[in-house]
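> 3D model of this:
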Amino acid sequence: MPLAQGRLNALTTRRENIMEDAPLLASLLKRMNENQLAMGTAIEELSNWVEQRGSTEVAKNIRGVLETLDGNAGFITLALASLSAEARTKK
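As a prediction, the model looks like this:
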């Protein structure tokens, strides 16, 4: 078997194994996303506390990082929905 065909077979097998675990993967990623959202909320509270004590620049920097979390949240939600839908169709 040529090397390229062997790699293709290995990738196909890996994808099939991942799809068998799609419900578990979707559940894991959902919980990780929930943790990320909870940490984002806690960090936002800390940034408010920091700002109230006069460190507005630090609070501004923290909020900038939180914007990245917010920006990724939409994609993560769509990806989780896609994984969940795929897992349901595999049952």
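> from here on, contacts and neighbour counts on C-alpha atoms
Noted.
> pLDDT weak spots in the chain?
Residue ranges of the chain with pLDDT under 70: 1-20, 90-91.
> swap the cut-off to 90 and go again
1-33, 36, 69-91 (pLDDT under 90).
> buried residues in whichever helix in it runs longest?
Selection of the longest helix in the chain by residue count, based on DSSP state H, yields helix 56-90. Neighbour-count burial for helix 56-90 flags 59, 62-63, 66, 80, 83-84, 87 (criterion: 16 or more other Cα atoms under 10 Å).
> now for it, which elements pack on it?
Helix 56-90 sits against helix 3-20, helix 22-52, with contacts defined as 3 or more Cα pairs under 8 Å, 6 or more residues apart in numbering; DSSP states H and E.
> Please name every helix or strand in contact with the longest one.
Put plainly, it is helix 22-52. Other helices and strands packing on helix 22-52, by 3+ Cα pairs under 8 Å, 6+ apart, are helix 56-90.
> next one: the helix it packs on to chain centre, how far?
Relative to the mean C-alpha coordinate of its chain, helix 56-90 is positioned 6 Å out (Cα atoms, centre = their mean, to the nearest Å).
> tell me the angle of it relative to helix 22-52?
What separates the directions of helix 56-90 and helix 22-52 is an angle of 170 degrees, with axes from the mean of the first three to the mean of the last three Cα atoms, to 10 degrees.
> quick one: contacts for residue 22?
In this structure, residue 22 makes contact with 83-84, 86-87, judged by Cα atoms under 8 Å, 6 or more residues apart in numbering.
> Save the residues you listed as JSON lines, and put in distance to residue 33 too.
Putting the contacts of residue 22 into JSON lines (distance: Cα to Cα, whole Å) gives the following:
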{"residue": "83", "distance to residue 33": "14"}
{"residue": "84", "distance to residue 33": "14"}
{"residue": "86", "distance to residue 33": "19"}
{"residue": "87", "distance to residue 33": "18"}
